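Engineer: Sequence first, predicted coordinates after that:
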Amino acid sequence: MTHSQRVKGKMIDHETRCIHYHTEVDRVAIKFKCCMTYYPCIECHRETADHPVARWEQKELKEVAILCGSCWKELTIEQYVYGKDHCPFCKAGFNSRCSRHYHHYFAMTPLT
């Protein structure tokens with residue numbers, strides 16, 4: 001499966017950066033609970049999916065739902081949310097400001 005088949009949305013490169021978020025550290029895709037499909041961001045989902053977003057719940061922290069755009073390994077929600085802003089496998093940096101958008105993806109508190 002190619003990267004573009006694995007991640008839907010408006011990607012601009014092979015590390016899952018999209019037209020909405022494309023800094024050096026914007027390199028994760030999130031599997032949306034509603035469709036079990038990876039998208040780079042909430043905006044990509046809104047613009048290309050034909051259904052509303054369903055958020056992951058607190059009890060689902062162990063679910064594999066994050067894709068590192070650098071090494072393409074999958075992380076659990078817990079590894080991502082509490083992972084010190086980098087991939088536990090390849091150590092590539094993630095955007096620390098993504099935590100401002102967790103409420104779009106995760107229905108859990110506290111997240112940090």
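Structural biologist: The structure has been received and is ready for your questions. Residues are numbered from 1 along each chain as shown.
Engineer: Give me the pLDDT value at the residue most central in space within the chain.
Structural biologist: Nearest residue to the geometric centre of the chain (CA atoms, centre = their mean): residue 30, 2.5 Å. Per-residue confidence at residue 30 stands at 97 (pLDDT).
Engineer: Spatially, what comes nearest to it if we skip its sequence neighbours?
Structural biologist: Spatial nearest neighbour of residue 30, chain neighbours left out: residue 105 (5.4 Å); criterion: CB to CB, 6 or more residues apart in numbering. C-beta: built from backbone N, CA, C; applies to glycine.
Engineer: surely that neighbour meets residue 39?
Structural biologist: No: using CB atoms under 8 Å, residue 105 is not in contact with residue 39, being 9.8 Å away.
Engineer: Between those two, which contacts overlap?
Structural biologist: Shared contacts of residue 105 and residue 39, defined by CB atoms under 8 Å, 6 or more residues apart in numbering, are found at 30, 32.
Engineer: Quick check: the residue nearest to residue 30 vs residue 68, distance?
Structural biologist: Look at residue 105 and residue 68: by CB to CB, to the nearest Å, they are 16 Å apart.
Engineer: Residue 57 now?
Structural biologist: According to CB to CB, residue 57 stands 23 Å off from residue 68.
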